[in-house]
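A.B. asks: Kindly generate the corresponding structure for this input.
(one chain, ligands or ions: 6)
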Amino acid sequence: MVMLIIKLCIFAMAPLCTVAANAQTQGIGFGYGGRNGPKQWGHLNPHYTECSVGKLQSPIDIQRGQTFYNSTLEPLHRDYYTTNATLVNHVCNVAMFFAEGAGDVVINDKNYTLLQMHWHTPSEHHLHGVQYAAELHMVHQAKDGSFAVVASLFKIGSEEPFLSQMKDKLMKLKDERLKGNQTAQVEVGKINTRHIERKTRKYFRYYGSLTTPPCSENVSWTILGKVRSMSKEQVELLRSPLDISYKKNARPCQPLNGRRVEMFHERVTKKETGNKKKDPN
Ligand SMILES: *[C@@H]1O[C@H](CO)[C@@H](O)[C@H](O)[C@H]1NC(C)=O
Ligand SMILES: *[C@@H]1O[C@H](CO)[C@@H](O)[C@H](O)[C@H]1NC(C)=O
Ligand SMILES: *[C@@H]1O[C@H](CO)[C@@H](O)[C@H](O)[C@H]1NC(C)=O
Ligand SMILES: *[C@@H]1O[C@H](CO)[C@@H](O)[C@H](O)[C@H]1NC(C)=O
Ligand SMILES: *[C@@H]1O[C@H](CO)[C@@H](O)[C@H](O)[C@H]1NC(C)=O
Ligand SMILES: [Zn+2]
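C.D. replies: Numbering: from 1, shown residues only. Ligands and ions are numbered 1, 2, ... in the order given. Okay, here's the model as predicted:
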């Protein structure tokens, strides 16, 4: 009974890909190319129409000319705690689900609780026209149901320490997939989410959508300004448990449609207090 409740919770807490998992078994899954690729998402299912008609969609290319330094934005306020976690083959990506009490991010005085994180390869957001090797999405949800996602971009380089710790567990997901299990889960035990949290001196903020169907809007996006590194092997490892159609799981950039991308930059806040309007980019 307890296990059943935990499982139900995991699925109730996983809005981003369960649609894919359920839809797959019903033969109406979305994909990243061909007949069920991103351009078709809005037509695959009546619940997905926002993917094609929505005007505030994600991801976007964060371009210099369209970002505005906002001196009233505050440093990213995250409080993460040690909690049990489960690594999950989420069909359209590899995800880590956190037990209750993983912590919160506070955005505009609103408290969003950390539910899960997952990886996209290559990156979904582009920064100044550049698409990176990978993107981590930390998904938070407020009591009213709205989402806040904190995203980190990764280029190919040195190993990412958190993924290095997860290597064996990721290998296990891959082995399960080779045995034919598409939805394997590996208990990770206690995760100190403080290791994932990084001090950030620069971020970009805008309002967009989920990047997978149903593409629901009103998602608060925070894209960290510092591009981090992971090794090529780590990118491959994140892809290894996924079906061929999800190994490249980045939705193409969507039109900005007049939205403003706000920028927080700590250094500027300190140095240029007398000249707040200046765009440091
Ligand atoms: C700057 O950020 C604050 C806090 O999010 C927001 O209320 C305000 O509208 C932003 N300013 C501009 C000019 O967009
Ligand atoms: C974490 O999971 C283990 C084993 O699944 C369990 O024994 C332990 O009580 C859990 N800890 C917390 C804080 O939930
Ligand atoms: C956010 O919510 C959590 C759990 O409800 C609470 O422990 C925490 O203090 C809240 N944080 C803020 C800044 O309100
Ligand atoms: C797949 O893995 C999950 C958990 O890792 C397990 O509960 C399930 O029974 C497995 N399914 C198959 C078909 O082996
Ligand atoms: C959109 O998000 C804002 C801020 O989280 C919230 O106040 C508002 O009710 C949301 N609007 C809709 C239509 O969900
Ligand atoms: Zn995502």
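A.B. asks: hey, let's count contacts and neighbours off CA atoms from now on
C.D. replies: OK.
A.B. asks: Ligand 1 contacts on the stretch 1-150 of the chain?
C.D. replies: N70, T72, L73, N108 (CA under 6 Å from any ligand atom).
A.B. asks: In contact with the third one: list those residues for me.
C.D. replies: With CA atoms under 8 Å, 6 or more residues apart in numbering as the criterion, the residues that contact L73 are M263, F264.
A.B. asks: Now do the strands in the stretch 51-200 of the chain.
C.D. replies: 61-62, 67-69, 77-80, 82-89, 94-98, 103-107, 110-120, 126-127, 130-131, 134-142, 147-156, 185-192 (DSSP state E, counting those that start in this stretch).
A.B. asks: Turn the ones you listed into CSV, including mean pLDDT and distance to ligand 4.
C.D. replies: Conversion of those to CSV gives the following (pLDDT from 0 to 100; distance: least, CA to the nearest ligand atom, whole Å):
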stretch, mean pLDDT, distance to ligand 4
strand 61-62, 98, 36
strand 67-69, 95, 43
strand 77-80, 90, 26
strand 82-89, 93, 8
strand 94-98, 95, 13
strand 103-107, 94, 25
strand 110-120, 96, 17
strand 126-127, 98, 34
strand 130-131, 98, 33
strand 134-142, 97, 22
strand 147-156, 97, 26
strand 185-192, 90, 4
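A.B. asks: what's around the residue nearest to V88 when sequence neighbours are not counted, how many residues?
C.D. replies: Spatial nearest neighbour of V88, excluding adjacent residues (CA to CA, 6 or more residues apart in numbering): Q185 at 4.5 Å. Using other CA atoms under 10 Å, Q185 has 20 other residues around it.
A.B. asks: Just list the residues touching Q185, thanks.
C.D. replies: So Q185 contacts T86, L87, V88, N89, L173 (CA under 8 Å, 6+ apart).
A.B. asks: Report the separation between it and R177.
C.D. replies: Distance of Q185 to R177, given as CA to CA, to the nearest Å: 11 Å.
A.B. asks: same check, this time on M138
C.D. replies: Going from M138 to R177 by CA to CA gives 24 Å.
A.B. asks: Take the strands of the stretch 51-200 of the chain and write them to JSON lines, including distance to ligand 2.
C.D. replies: JSON lines is the format used below for the strands of the stretch 51-200 of the chain (distance: least, CA to the nearest ligand atom, whole Å):
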{"stretch": "strand 61-62", "distance to ligand 2": "39"}
{"stretch": "strand 67-69", "distance to ligand 2": "41"}
{"stretch": "strand 77-80", "distance to ligand 2": "14"}
{"stretch": "strand 82-89", "distance to ligand 2": "5"}
{"stretch": "strand 94-98", "distance to ligand 2": "10"}
{"stretch": "strand 103-107", "distance to ligand 2": "13"}
{"stretch": "strand 110-120", "distance to ligand 2": "15"}
{"stretch": "strand 126-127", "distance to ligand 2": "37"}
{"stretch": "strand 130-131", "distance to ligand 2": "37"}
{"stretch": "strand 134-142", "distance to ligand 2": "19"}
{"stretch": "strand 147-156", "distance to ligand 2": "24"}
{"stretch": "strand 185-192", "distance to ligand 2": "6"}
